[in-house]
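Visitor: Sequence first, predicted coordinates after that:
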Amino acid sequence: MEKFDLNVFVGTQPEQMLATKLLEYSIKKKTSLKINVQALYKAVESKNIKIPRPVDKSNYPRTPFSFQRFAIPELSGYTGRSVYVDSDMLVFNDIQELYDMPFNGAEILCAEGVDGARRPQFSVMVLDCDTLKWNITDIVKGLDNGDYDYKGLMYEMKAAKSISQSLPKYWNDLESYTEGKTRLIHFTDMHKQPWLSLENEFAPIWVKALAEAIEDGYISMTEVEDHISLGFIRPSIKFQLISKKFENSDVPKSLIKKDFLTFVKPHEFSDSMKKIASYGKVPNLFSKSVRRVYATAHNTIFALKKKVRK
């Protein structure tokens, strides 16, 4: 079995796999460590780890990968340290900085809340898998037994005995980027994530990184085109990659209009429409037509609501 210096698990879904692969590229590009980056849902499936559903609906996971992170110590063989990150991120420095940070008796290292807010940020975590003996079935039982509720589990990490908010904020910069300081940028606004929208001021950073990954052969243009066809990323991104024009303002109005008329962000696409449009499969002519009609109606209504709010 191949040995790695560090396991990095990514909370993600199939529609976020291009972002996940780019995140993997950004991590490996900056380090000499032997890193094993895994999509958490794939790792859980490969080990056949079953995650039970809580009895109380108020404790249901908010995302498909909400509870998967608690399987990380088991996936790591209850040994060494592992890192958890979300897929909507990019890394700019050597992740060895996280690898070298001392636990000092804590089981989890995380970043402080924003602007002194009390709630720590668990979207980037370093886990001591030697001491964390988590079993996902037992953790869900804790919800059912009232040992903690969803908020306590996810936002306070009450399944851990000791937490240290010792990760610098620049290892989880939320919708913020400072040249030479930011180690990791986190695109937290789902509506404006760079692969979905041209409204994010930091989108050029992400698109440029994608172009570099393609140039280095880590991601292929075919993968990008497949994700566009599946409705996972905006169509206008292809223009930016081919033209090497990464600024949002460089995208022609005709392509912005095409995004508006044909693209719906995956998290805004209703479950019923996903079934009708063969969501997640190779799109046929019918499914493309359904998406086009749905996109036009949905985005028009969204734009009108936004205008009214202003």
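Guide: Thanks, I have the structure now. All values derive from a computational prediction rather than experimental measurement.

Visitor: Which of the helices and strands in this protein ranks last by mean pLDDT?
Guide: helix 271-276 (a mean of 50; mean pLDDT, DSSP states H and E).

Visitor: quick one: contacts for Pro67?
Guide: In this structure residue 67 is Phe, not Pro. Contacts for Phe67 were tallied using CB atoms under 8 Å, 6 or more residues apart in numbering; they are 51, 61, 136, 139-140. (C-beta placed from N, C-alpha, C; glycine too.)

Visitor: Distance of it relative to Met157?
Guide: Distance, Phe67 to Met157, using CB to CB, to the nearest Å: 13 Å.

Visitor: May I see the buried residues of the helix or strand Asp138 falls within?
Guide: Using DSSP states H and E, Asp138 falls within helix 136-144. Neighbour-count burial for helix 136-144, counted by 16 or more other CB atoms under 10 Å, picks out 136, 139-140, 142-143.

Visitor: Dump the helix or strand following that helix to PDB, restricted to CA.
Guide: Heading C-terminal from helix 136-144, the first helix or strand you meet, by DSSP H and E, is helix 150-155. In PDB, the C-alpha atoms belonging to helix 150-155 read as follows (Å, rounded to 0.1, in the frame of the first residue of the first chain):
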ATOM      1  CA  TYR A 150     -27.000  19.600  15.000                       C
ATOM      2  CA  LYS A 151     -25.800  23.100  15.800                       C
ATOM      3  CA  GLY A 152     -23.700  21.800  18.600                       C
ATOM      4  CA  LEU A 153     -22.200  19.000  16.500                       C
ATOM      5  CA  MET A 154     -21.400  21.000  13.400                       C
ATOM      6  CA  TYR A 155     -20.700  24.500  14.700                       C
END
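
Visitor: did I read that right, Thr188 in a strand?
Guide: No: checked against DSSP: H, G, I helix; E, B strand; the rest coil, Thr188 lies outside a strand; its state is coil.

Visitor: Now do the closest residue to it other than its chain neighbours, the pLDDT please.
Guide: In this structure, Thr188 finds its nearest non-sequential neighbour in Leu174, 5.1 Å apart by CB to CB, 6 or more residues apart in numbering. Note on Leu174: pLDDT of 94.

Visitor: Kindly report the same for the one 4 residues further on.
Guide: On the pLDDT scale, Thr178 is placed at 97.

Visitor: what's the helix holding Asp138 packed up against?
Guide: On a contact count with 3 or more CB pairs under 8 Å, 6 or more residues apart in numbering; DSSP states H and E, helix 136-144 meets helix 150-155.

Visitor: Just the residues contacting the helix it packs on, thanks.
Guide: For helix 150-155, contacts defined as CB under 8 Å, 6+ apart pick out 54, 58-60, 62, 66, 119, 122, 139, 142-143, 158-159.

Visitor: So Leu255 is in contact with Arg234, correct?
Guide: No: with contacts counted by CB atoms under 8 Å, Leu255 stays clear of Arg234, the gap being 9.0 Å.

Visitor: So between these two, which is more surrounded?
Guide: Taking neighbours as other CB atoms under 10 Å, Leu255 and Arg234 compare with Arg234 leading, 26 against 17.

Visitor: Just grab the bridge partners of the residue nearest to Thr188 for me.
Guide: Following DSSP bridges, Leu174 is listed with bridge partners His186.

Visitor: so how far is Ala106 from Lys244?
Guide: From Lys244 across to Ala106, the span is 45 Å (CB to CB).

Visitor: hey, what's Phe9 bridged with?
Guide: Gln38, Tyr84.

Visitor: burial count for it?
Guide: Residue crowding around Phe9 was assessed by other CB under 10 Å; the count is 27.

Visitor: which ones are touching it?
Guide: Going by CB under 8 Å, 6+ apart, the list of residues near Phe9 reads 38, 40, 43, 69, 72, 75, 82-85.

Visitor: now Leu23
Guide: 10, 37, 85, 87, 89-91.

Visitor: again with Lys47
Guide: Shown in contact with Lys47 (CB under 8 Å, 6+ apart): 71, 74-75.

Visitor: mind putting the buried residues of helix 136-144 in JSON lines, distance to Lys265 included?
Guide: Listed next are those as JSON lines, based on distance: CB to CB, whole Å:
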{"residue": "Ile136", "distance to Lys265": "30"}
{"residue": "Ile139", "distance to Lys265": "31"}
{"residue": "Val140", "distance to Lys265": "30"}
{"residue": "Gly142", "distance to Lys265": "34"}
{"residue": "Leu143", "distance to Lys265": "30"}
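
Visitor: where exactly do the strands run in the protein?
Guide: Here the chain has its strands, by DSSP state E, at 6-11, 35-39, 81-86, 89-91, 108-111, 121-128, 163-167, 173-174, 184-186.

Visitor: where are the low-confidence patches of this structure?
Guide: Where the chain drops to pLDDT under 70, the residues are 1, 114-119, 269-310.

Visitor: tell me the phi and psi of the residue sitting nearest the centre point of it?
Guide: In the chain, the residue lying closest to the centroid (CA atoms, centre = their mean) is Ser87, at 2.1 Å. Backbone torsions for Ser87, taken as degrees, to the nearest 10, come to phi -80, psi -20.
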